[in-house]
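Chemist: fold the following and give me the result.
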Amino acid sequence: MICPKCTSVLIVKEGTRKRKNGRIQEYSCNACGKWFTVPIENKHESVFLEDVEPGDILEYKSKKLFRLHCATDIHHGANEHHYDKFDEFIDEIDSDTDARWIMNGDNIELIPPNYKISQRGQAMEPDEQHISFIKRIEHIADKLLFIRGGNHDMIRSINLLGFDVSKVMADILRVPYFRMPGYTKVRVGNSKYHFVSGHGKSGAKNGDTELDKMAAVYSDGDVFFLGHNHQLYTKPLDSLRVIGDKEGVRRRWYIRGGSFLEYADYARYSFYPIVRTGWATVEFSEDKIRAWTN
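Modeler: Numbering: from 1, shown residues only. Predicted structure coming up:
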């Protein structure tokens, strides 16, 4: 639900009223104060827009080249969140008509009270993280293909409350919600590609190990993308295939998506490797796939 006056998503239900043509739902906007109404029969206000269930394939079509910017491990609200780098990401999406993006988990820091780690690792309370993050990205939400949860946001909120904060964020921004790893079918003109994505689970130093496992399960992938371990790289993998009666080269991509965190105190204390802050971009065209880091 979006405010018709200021396009904010900070909308609150304010009860119903009966009119000649049926009952209506009243809303108010916390951003600008405007009140407005929607007929209750209107189905577009359903609680959740779309879940991409295990086994489902999300599909995106484009008539021309587009660049998919992959935001993972944003950690909005963490003390070490790199505001300037994520603002750079937002500006890149906003300024490029051919840009699209995904949100791949650990989108907010979300350290609840009485959790096993100290709340001192976050700069604001979890509810303020959720609200301020949505306000921060709402003007580029029209280019967002899907949201996925991670261990910080989805798993913590479900384990503690039975409440998926990432799923609610997807509904507020009106984009599909990817619960598990899976395929996204990408069509550009007459070409078709399979983008395989997941948040990730392993913290192993060799980021390819988990990508190898993913590629073994999702064997029809052209791009394999994971976050979680904060490593940032794009890696082409070439193999030979049969095209007619000749050999040809098939190129696939391994990608670890980085993060929007600076070097944290806990990482410094434990001598964890320094990894570069940033994100990966995948460019799909009718001829080929390109990928790079930012």
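Chemist: OK, contacts around residue 179?
Modeler: Contact analysis of residue 179 by Cβ atoms under 8 Å, 6 or more residues apart in numbering lists 51-54, 148-149, 167. From N, CA and C alone the C-beta is placed, and that goes for glycine too.
Chemist: how close does it get to residue 98?
Modeler: Computed with Cβ to Cβ, to the nearest Å, the distance linking residue 179 and residue 98 is 28 Å.
Chemist: next one: residue 112
Modeler: 39 Å.
Chemist: neighbour count winner among these two?
Modeler: Using other Cβ atoms under 10 Å as the criterion, residue 112 and residue 98 rank with residue 112 on top: 15 against 12.
Chemist: look up phi and psi at that one.
Modeler: For residue 112, the backbone dihedrals (degrees, to the nearest 10) come out as phi -70, psi 160.
Chemist: my read: it touches residue 126, true?
Modeler: Yes: Residue 112 is within contact range of residue 126, at 6.2 Å (criterion: Cβ atoms under 8 Å).
Chemist: now do the same contact list for residue 110.
Modeler: 77, 122, 126, 129, 152-153, 156-157, 165.
Chemist: ok, the residue lying closest to residue 98 once chain neighbours are set aside - contacts?
Modeler: Distances taken as Cβ to Cβ, 6 or more residues apart in numbering put residue 66 closest to residue 98, at 4.9 Å, once the chain neighbours are dropped. By Cβ under 8 Å, 6+ apart, the residues touching residue 66 are 98-100, 188, 283-284.
Chemist: most surrounded residue in those residues?
Modeler: Neighbour counts for those (other Cβ under 10 Å) peak at residue 284, which has 26 neighbours.
Chemist: per-residue pLDDT, it?
Modeler: Model confidence at residue 284, given as pLDDT, is 97.
Chemist: need phi/psi at the residue lying closest to it once chain neighbours are set aside.
Modeler: Excluding its sequence neighbours, the residue lying closest to residue 284 (Cβ to Cβ, 6+ apart) is residue 188, at 5.0 Å. Dihedral pair for residue 188: phi -120, psi 110, per degrees, to the nearest 10.
Chemist: average pLDDT across stretch 232-249?
Modeler: 92.
Chemist: name the residues of stretch 140-150 that are buried.
Modeler: Residues 140-141, 143-150 are the ones in stretch 140-150 that count as buried (16 or more other Cβ atoms under 10 Å).
Chemist: equivalent analysis for stretch 120-128, please.
Modeler: 121-122, 124, 126.
Chemist: for these, give me CSV that also has pLDDT.
Modeler: Formatted as CSV, the buried residues of stretch 120-128 follow (pLDDT from 0 to 100):
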residue, pLDDT
121, 81
122, 86
124, 89
126, 89
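Chemist: which of these sits closest to residue 26?
Modeler: residue 126 (28.3 Å; Cβ to Cβ).
Chemist: mind listing what that closest one touches?
Modeler: Residue 126 neighbours (Cβ under 8 Å, 6+ apart): 77, 108-112, 165.
Chemist: if we can go back for a sec, and the residue nearest to residue 284, how close does it get to residue 238?
Modeler: 21 Å.
Chemist: same question, residue 156
Modeler: Counting by Cβ to Cβ - residue 156 and residue 238 are separated by 40 Å.
Chemist: more neighbours, the two?
Modeler: Each of residue 156 and residue 238 has its neighbours counted (other Cβ under 10 Å); residue 156 has more, 21 against 8.
Chemist: residue 160 belongs to a helix?
Modeler: Yes: judged by DSSP: H, G, I helix; E, B strand; the rest coil, residue 160 forms part of a helix.
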